[in-house]
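Student: dropping the sequence and predicted coords here.
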Amino acid sequence: MKILVVEDEQRVAQFIQKGLKEEGHAVDCAYDGEEGGFLAEVNEYDLIILDLMLPKKNGIAVCSEIRERGVGTPVLMLTARDAVEDKVRGLDAGADDYLTKPFVFEELLARVRALLRRTSEAKTPILKVADLELDPMSRRVTRGGKAIRLTTKEYGLLEYMMRNPDRVLSRTRIGEHVWDMNFDPESNVIDVYVSHLRNKVDKGFELPLIYTLRGQGYMLTSDTPPA
């Protein structure tokens, strides 16, 4: 999943980013409210972790504004304040959950998983393309009933492609969603991962599902892709 962390304390933001990346998520960071609000509007995220006390624009304002502009991404709000009125303000502004600092990272992960699970259930319980199936709840992948073992990054890449079937996905778009916004589009790492994924998903099956479109990107489809 792709997550945005808006936190002005860079040490805290980088700590959260590192932990979430180890869980297989792509993570962008913003260090003030204006930048965070801008990124939340122009990029597609699965979750936003938003600090309450931010320079330039506080978390309440950011959350209210992105909700007014139609951004429905789940928001987990962080704050050093534990007063009930602050929590109410955050929830009334459109936040989905609230976590008080200091927190144990395992609790943050549990809340992240719960919000992402809720989002996944609302989108599609099980993703299917032809006989390829991916269960976001269990992270189990099968094709023709046969289990496919994937690395964390391979799983993230496949899930993103299966959420966007029959669409041409450029290297830049894949890099920003499965890795992060600082991904180098000139790197060949995506080509390498797609090759690994193709060997696991298509090898031994009559119908290929993963295609390379020269000069455009990649597509996962059960139909014949455009030339």
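Tutor: Thanks, I have the structure now. Here the structure is a predicted model, which is why all the values come from computation and not from measurement. Numbering: from 1, shown residues only.
Student: what's in contact with the lengthiest helix in the chain?
Tutor: The residue-count maximum for a helix in the chain (DSSP state H) belongs to helix 105-123. Outside helix 105-123, the residues that touch it by C-beta atoms under 8 Å, 6 or more residues apart in numbering are 1, 3, 15-16, 19-20, 23, 46-47, 49, 74, 76, 96-97, 99, 136-137, 163. The way it works is simple: take the backbone N, C-alpha and C, and place the C-beta from them, glycine included.
Student: of those, select the buried ones using a PyMOL command.
Tutor: A single PyMOL command selects the buried members of the contacts of helix 105-123 (16 or more other C-beta atoms under 10 Å):
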select buried, resi 1+3+16+19+20+46+47+49+74+76+96+97+99+136+163
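Student: got the domain boundaries for this protein?
Tutor: 2-122, 127-220 (automatic domain parsing).
Student: just put those in TSV and tack on mean pLDDT.
Tutor: Formatted as TSV, the domains of the chain follow (pLDDT from 0 to 100):
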stretch	mean pLDDT
domain 2-122	89
domain 127-220	88
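Student: ok so, going back, mind listing what's buried in the longest helix of the chain?
Tutor: Neighbour-count burial for helix 105-123 [16+ other C-beta under 10 Å]: L108, R111, V112, L115, L116, T119, S120.
Student: so what's P208 closest to, chain neighbours aside?
Tutor: The shortest distance from P208 to any non-neighbouring residue, by C-beta to C-beta, 6 or more residues apart in numbering, is to D202 (4.7 Å).
Student: is there a neighbour count for the one you found? I'd like the number.
Tutor: For D202, the count of nearby residues is 16 (other C-beta atoms under 10 Å).
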